[in-house]
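In: Model the following, please.
(one chain, ligands or ions: 1)
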Amino acid sequence: MLTMNSFNFAGKKAIIRVDFNVPLNSSFEITDDSRIRAAIPTIKKILKDGGSVILMSHLGRPKEGPTEKYSLKHLIPDLKTKLGVDIKFAPDCIGEEAHTMAAALKPGEVLLLENLRFYKDEEKGNPEFAKKLAELADVYVNDAFGTAHRAHASTTIIAEFFPGKSMFGYIMENEVSSIDKVMLDPKKPFTAILGGAKVSTKITIIENLLGKVDNLIIGGGMTYTFIKAMGGHVGNSLVEEEFVEMAKTVLAKAREKGVNLYLPVDGINADKFDNDAQTSVSPIDQVPEGWMGLDIAGESIKKFSEVIENSKTILWNGPMGVFEMPNFQKGTVEIAKAIARATAKGAFSLVGGGDSVAALNQFGMTDKVSYVSTGGGALLEYIEGQVLPGIKAIRGY
Ligand code: AMP
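Out: Numbering: from 1, shown residues only. Model (predicted):
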């Protein structure tokens with residue numbers, strides 16, 4: 001398989017699928033440029049080699065074809081500053097003009113194509129559309145992990161037109177090798193920490209992880225569906241009634257597979273869903289009537305931290321409580337700190353999924369873990385055990 005570092009791009013035109021789906025304000029200014037920043041090393045390496053770059057991405061969810069609001073032209077000034085070169089812009093991602101502009105590209109030059117999703121063919125994965133994009137370049141680089149779970153024209157189908165000439169960009173390379181480290185070859189003990197609101201959205205992940213981990217820590221809102229399954233009193237805590245039976249099955253499976261499944265032993269309860277609610281601490285299975293559990297409490301933090309600190313591989317997805325409210329963020333903060341301590345002692349820690357990443361950002365702790373995944377949905381599908389089409393298209397599995 002080709003790699004960014006082993007390939008010499010001199011004299012080549014590389015078409016890169018980037019994830020430039022960045023938030024814009026009403027004046028079309030970028031309010032968070034992290035996705036663009038992340039893609040710069042891949043682009044610069046190609047330019048430095050003496051290649052030229054064609055950038056393609058989606059932006060937002062345009063429904064009716066070309067829409068001013070979703071035009072990638074708004075990114076030109078930012079890209080120009082970051083790359084230090086002029087950015088040529090093709091106002092249609094395929095067609096005569098894009099073709100002519102791509103053909104005229106010289107080494108060191110950058111061409112940005114208009115939003116791929118102005119064509120329905122992109123999300124449909126239309127091979128004809130993919131072929132037209134492919135005709136613009138000599139090699140294909142996929143650096144958009146956030147869309148790797150979609151078999152779209154630019155993320156997957158296009159690779160068919162570059163036999164032996166497609167590769168991951170640096171973001172994809174990092175994501176894939178970090179997740180593989182955890183999912184394919186974890187150093188033991190391997191601990192997964194799952195939190196967040198609902199069991200329903202995490203059940204496939206739990207089932208897949210039961211075949212891999214030594215320890216599974218469950219916290220957050222989904223705790224209470226398990227506590228209910230075990231006959232506990234959960235008061236008004238978040239419970240998914242239709243998943244109570246499923247929770248019982250998970251508990252039995254964990255026993256069968258010899259996985260240590262840790263649920264919180266105590267929780268912080270509130271008399272309403274509000275930062276200023278009255279609070280009390282109780283054993284996790286004795287939430288008083290009318291109260292709801294919104295965070296894990298001291299004994300749980302102690303136990304979870306001990307398990308985490310004795311681990312060599314750690315996967316964390318989902319907060320331990322309603323961390324958006326300062327009075328219910330302690331559990332999440334303390335678990336993040338335990339992961340940081342384990343990482344400092346040499347464990348490999350991967351954190352991913354929207355809310356745990358948001359929590360790490362909020363606590364200023366992103367640099368205290370080994371890897372923070374950029375792909376929400378893509379990461380979750382990967383740890384569910386699914387093969388991601390965007391990855392398979394390049395490495396074959
Ligand atoms: P998810 O998207 O499933 O990872 O869920 C993240 C959300 O779960 C966050 O917005 C948290 O506020 C919420 N959450 C965590 N713990 C609880 C809890 N005990 N009760 C209700 N919501 C919770």
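In: Could you list the residues of this structure in contact with the ligand?
Out: For the chain, the residues in contact with the ligand (Cβ under 6 Å from any ligand atom) are 196-198, 201, 220-221, 238, 293-294, 318-319, 321-322, 324, 353, 355. All C-beta atoms are positioned from the backbone trio N, CA, C, and that covers glycine.
In: repeat that for 5 Å
Out: For the chain, the residues in contact with the ligand (Cβ under 5 Å from any ligand atom) are 196, 197, 220, 221, 238, 294, 318, 321, 322, 355.
In: ok, so of the residues you listed, who is nearest residue 257?
Out: residue 318 (21.2 Å; Cβ to Cβ).
In: Let me know the secondary structure of the closest residue in space to the closest one that isn't next to it in sequence.
Out: Of all residues not flanking residue 318 in the chain, residue 196 sits nearest, at 3.0 Å (Cβ to Cβ, 6 or more residues apart in numbering). Following DSSP: H, G, I helix; E, B strand; the rest coil, residue 196 is assigned to coil.
In: Nearest to residue 208, out of the residues of the chain next to the ligand: which one, please.
Out: residue 318 (15.1 Å).
In: pretty sure that closest one is in contact with residue 194, am I right?
Out: Yes: counting by Cβ atoms under 8 Å, residue 318 does reach residue 194; the two are 5.4 Å apart.
In: State the number of residues packed around residue 120.
Out: Residue 120 has 12 neighbours, counted by other Cβ atoms under 10 Å.
In: Name the nearest of the residues of the chain next to the ligand relative to the ligand.
Out: residue 196 (2.4 Å; Cβ to the nearest ligand atom).
In: quick one, what contacts that closest one?
Out: 202, 220, 221, 222, 317, 318, 319, 353, 355 (Cβ atoms under 8 Å, 6 or more residues apart in numbering).
In: circling back: neighbour-wise, which of the residues of the chain next to the ligand leads?
Out: residue 220 (31 neighbours).
In: For my notes, confirm it occurs in a strand.
Out: No: read with three-state DSSP, residue 220 is coil and lies in no strand.
In: one step back: what residues are shared contacts of residue 318 and residue 194?
Out: 202, 219, 220, 222.
In: burial of the closest residue in space to residue 158 that isn't next to it in sequence, as a residue count?
Out: Once flanking residues are discounted, residue 158 sits nearest to residue 130: 4.3 Å by Cβ to Cβ, 6+ apart. Residue 130: 24 surrounding residues under other Cβ under 10 Å.
In: In terms of helices and strands, where is residue 130?
Out: In this structure, residue 130 sits in helix 127-134 according to DSSP states H and E.
In: Just the buried positions in stretch 357-371, please.
Out: Using 16 or more other Cβ atoms under 10 Å as the test for burial, stretch 357-371 gives 357, 359, 360, 362, 363, 365, 368, 369, 370, 371.
In: now swap in stretch 90-105 and tell me
Out: In stretch 90-105, counting by 16+ other Cβ under 10 Å, buried: 90, 93, 94, 98, 101, 102, 105.
In: What ranges does this structure have for its helices?
Out: In the chain, the helices defined using DSSP state H lie at 34-49, 76-83, 96-103, 120-124, 127-134, 170-183, 203-210, 223-229, 244-257, 298-309, 330-344, 354-363, 376-383, 389-395.
In: For the last one, buried residues please.
Out: Using 16+ other Cβ under 10 Å as the test for burial, helix 389-395 gives 389, 390, 391, 393, 394.
In: Likewise for the shortest one?
Out: Along helix 120-124, these residues count as buried under the neighbour rule (16+ other Cβ under 10 Å): 121, 122, 123.
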